[in-house]
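> I would like to see how this sequence folds:
(one chain, ligands or ions: 1)
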Amino acid sequence: MTQTNPLDGTFQLVELPYAADALEPVISKETISFHHGKHLQTYVNNLNTLLPGSPYEGRSLEEIVCKSDGGIFNNAGQILNHNLYFTQFTAPEENNKPVGNLAVAIEQQFGSFEAFKEEFEKKGSTLFGSGWVWLAADQDGKLHITQEANANNPITKGLTPLLTFDVWEHAYYLDYQNRRPVHLSNLWSIVNWAAIDKRYMK
Ligand code: MN
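Numbering: from 1, shown residues only. Alright, predicted model coming up:
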């Protein structure tokens, strides 16, 4: 998923697995174009500028996120977070819901998909400032919903990141202005649950 240029090892902007307007009306083409084409591209450019000569040159993105701090951590974390974010969506679908082993685990642990969604949205809505709400799995396959500030990722806590909603304002302000909770509740219709189950089964 993390693409690097084979010639010079620099990190590359992740490709969207859908057209820029495919997620409308949940996320507009305009938001995708700024969020992916400008915000994420800037994190990629920044990291490629900061890495040469640092101890993290040539390391994987995951390793950099787990070991670095400061500007390298912030930009690497945002690349990892956005790569997972942008590759987890698909065109809107009514009654979209989890599939496979992950569906069973969500049901067992949270009681129902509805109860899971409620807790996830609440953690996303109440996260103060900029950050991310995550569904992540521990080594026993147990699920955790975590709030991560700024560029953080649950990988730094030894968890495997599965699903994430970006609560930085740049993710929703053009389409929803200050209505973060509405944005979060609309995102469920575009989650590609087959892709999330694949992350879980790894
Ligand atoms: Mn973002």
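> Give me the buried stretch members for the helix ranked longest in the chain, please.
When secondary structure is assigned using DSSP state H, the longest helix within the chain turns out to be helix 70-86. By neighbour count on 16 or more other CB atoms under 10 Å, the buried set for helix 70-86 is 72-86. From N, CA and C alone the C-beta is placed, and that goes for glycine too.
> what helices or strands is it leaning on?
Secondary-structure packing of helix 70-86 (3 or more CB pairs under 8 Å, 6 or more residues apart in numbering; DSSP states H and E): helix 41-50, helix 61-67, strand 160-166.
> ranking these by burial, who's on top?
Scoring those by mean neighbour count under mean count of other CB atoms under 10 Å gives strand 160-166 as the most buried, with a mean of 22.
> partners of that strand, with directions?
As defined by DSSP bridges, the strand partners of strand 160-166 come to strand 131-137 (antiparallel).
> average model confidence for the partner strand?
For strand 131-137, mean pLDDT is 98.
> For Asp138, which residues are in contact?
Counting by CB atoms under 8 Å, 6 or more residues apart in numbering, Asp138 makes contact with 144, 158-160.
> And those, which of them are buried?
Applying 16+ other CB under 10 Å to the contacts of Asp138, the neighbour count classes 159-160 as buried.
> Pipe the contacts of Asp138 into a markdown table and attach pLDDT and distance to the ion per row.
As requested, the contacts of Asp138 are exported to a markdown table (pLDDT from 0 to 100; distance: CB to the ion, whole Å):
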| residue | pLDDT | distance to the ion |
| --- | --- | --- |
| His144 | 98 | 21 |
| Gly158 | 97 | 24 |
| Leu159 | 98 | 20 |
| Thr160 | 98 | 20 |
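> could I get the contacts of Asp138 as a markdown table with distance to Glu57?
Shown next, in a markdown table, are the contacts of Asp138 (distance: CB to CB, whole Å):
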| residue | distance to Glu57 |
| --- | --- |
| His144 | 32 |
| Gly158 | 25 |
| Leu159 | 26 |
| Thr160 | 26 |
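> any chance of the helices and strands packed on helix 70-86 in CSV, plus distance to Asp197?
Formatted as CSV, those follow (distance: least, CB to CB, whole Å):
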stretch, distance to Asp197
helix 41-50, 27
helix 61-67, 20
strand 160-166, 9
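> For the spatially most central residue of the chain, give its distance to the ion.
Nearest to the mean C-alpha position of the chain, counting by CA atoms, centre = their mean, stands Tyr85 at 3.0 Å. Taking CB to the ion, to the nearest Å as the measure, Tyr85 and the ion are separated by 7 Å.
> Next: Pro92.
According to CB to the ion, Pro92 and the ion sit 20 Å apart.
> and that residue, what does it touch?
Pro92 makes contact with 23-26, 189-190, according to CB under 8 Å, 6+ apart.
> ok, the residue nearest to it when sequence neighbours are not counted - contacts?
Ranked by CB to CB, 6 or more residues apart in numbering and with sequence neighbours excluded, the top spatial neighbour of Pro92 is Ser189, at 4.5 Å. Residues counted as contacts of Ser189 (CB under 8 Å, 6+ apart) are 26, 92-94, 96.
> Perfect, that will be all.
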